[in-house]
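Peer 1: sequence? don't have it. structure:
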DNA sequence: ACCTACCTGGCC
DNA sequence: GGCCAGGTAGGT
């Protein structure tokens, strides 16, 4: 469900809601959502910590924790396809499939829910989690200074895979998913089925520009609420209203009017304009 | 570089 | 009942 713009929106709101708060208690209703460490240790090590910083890396939310003012690892959350975070008062009924609830020192609860359970939760120093192999090593952050046209070239140039598959791979560029890859390909005028090594330099540059502008616009609109994405306060984003290809198969291209096609690429439903995208 | 499995819910 | 869904991981 959430891709980079939705995760960024939730991370920013989370900063407002829980930064500086202490975790007084932890209720782990479905231990299997915690991938590391073991459930008892997870609860013990999280209890009594304070949220010191909240950042996003790809589609992961990283809450840096402190205990007695000293660094105490990171609470790392991935929302999968259907994950939700809520900040609610205890009297409010938890949404279905709530797997983890943290009671905070301002009387609110921070809750993690995920119907399909494709998401996960981890706790520990980020470096340690990466060393253990329980956190994947992610590619370049597309909204960082390191994401230059040359950096994208390095991802695309030496592979024969489709552009769609390469951009979905979190080890290349971190944070892109099915909606935004289709939108990026349309904005760049590139077919998602195109093989990376056959891209022209101009096409690679167009993709680089499109990644930055599409993600920026989606964040400004607080993400796309297609099915069940909602922010921390249960409000919808508005970017779904301006998507140009995702969800528009069979409708007219907003640029040239021809019917948008839908195919399967890299195992994912893919919509594109066969006239505007080459 | 693919392909399937992992889950639940909603729609036809 | 079957198909589809914003995402990975693991096996071939």
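Peer 2: The structure has been received and is ready for your questions. A quick note: this is a predicted structure, and the numbers were derived from the prediction, not measured.

Peer 1: so how far is residue A:209 from residue A:145?
Peer 2: 15 Å (CB to CB, to the nearest Å). The way it works is simple: take the backbone N, C-alpha and C, and place the C-beta from them, glycine included.

Peer 1: let me fix that: residue A:129
Peer 2: Distance of residue A:129 to residue A:209, given as CB to CB: 33 Å.

Peer 1: ok, back up a step: compare residue A:145 and residue A:209 (neighbour count), which wins?
Peer 2: Set residue A:145 next to residue A:209 and count neighbours by other CB atoms under 10 Å: residue A:209 wins out with 15 against 7.

Peer 1: residue A:188 is in contact with that one, correct?
Peer 2: Yes - between residue A:209 and residue A:188 a contact is recorded at 7.3 Å, counting by CB atoms under 8 Å.

Peer 1: quick check: neighbours shared by these two?
Peer 2: Residues touching both residue A:209 and residue A:188 (CB atoms under 8 Å, 6 or more residues apart in numbering): there are none.

Peer 1: can you list the residues of chain A near DNA strand B?
Peer 2: Applying CB under 7 Å from any atom of the strand, we find that chain A lies next to DNA strand B at A:96-97, A:115-118, A:159-162, A:165, A:266-267.

Peer 1: please redo it, this time with the cut-off set to 6 Å
Peer 2: Residues of chain A lying near DNA strand B by CB under 6 Å from any atom of the strand: A:96, A:115, A:116, A:117, A:118, A:159, A:160, A:161, A:162, A:165, A:267.

Peer 1: could you find the closest non-adjacent residue to residue A:114?
Peer 2: In this structure, residue A:114 finds its nearest non-sequential neighbour in residue A:83, 4.2 Å apart by CB to CB, 6 or more residues apart in numbering.

Peer 1: what about the one you found, distance to DNA strand B?
Peer 2: 12 Å (CB to the nearest atom of the strand, to the nearest Å).

Peer 1: can you read off the backbone torsions of that residue?
Peer 2: Main-chain dihedrals, residue A:83, degrees, to the nearest 10: phi -70, psi 150.

Peer 1: which residues are in contact with the residue of the stretch 101-250 of chain A found nearest DNA strand C?
Peer 2: Residue of the stretch 101-250 of chain A nearest DNA strand C, by CB to the nearest atom of the strand: residue A:177 (1.9 Å). When contacts are counted by CB under 8 Å, 6+ apart, residue A:177 is found next to A:2, A:3, A:4, A:59, A:168.

Peer 1: so for residue A:228, what's the pLDDT?
Peer 2: Reading off the confidence values, residue A:228 has pLDDT 85.

Peer 1: wait, doesn't it sit right on residue A:83?
Peer 2: No - assessed by CB under 8 Å, residue A:228 is found out of contact with residue A:83, at 9.9 Å.

Peer 1: burial of the closest residue to residue A:175 other than its chain neighbours, as a residue count?
Peer 2: The spatially closest residue to residue A:175, leaving aside those adjacent along the chain, is residue A:4, at 3.2 Å (CB to CB, 6+ apart). Residue A:4 has 26 neighbouring residues, counting by other CB under 10 Å.

Peer 1: for residue A:128, same thing?
Peer 2: Using other CB under 10 Å, residue A:128 has 14 neighbouring residues.

Peer 1: A helix includes it, no?
Peer 2: Yes - counting by DSSP: H, G, I helix; E, B strand; the rest coil, residue A:128 is found in a helix.

Peer 1: what strand or helix carries the nearest residue to it once chain neighbours are set aside?
Peer 2: Nearest-residue entry for residue A:128: residue A:73, 7.8 Å, with adjacent residues in sequence omitted and distances by CB to CB, 6+ apart. Assigned by DSSP states H and E, residue A:73 belongs to strand A:70-78.

Peer 1: count of neighbours near the nearest residue to residue A:232 once chain neighbours are set aside?
Peer 2: Distance criterion CB to CB, 6+ apart; nearest residue to residue A:232, sequence neighbours excluded, is residue A:13 at 4.1 Å. Other residues near residue A:13 come to 18 when the count uses other CB under 10 Å.

Peer 1: much appreciated, bye for now.
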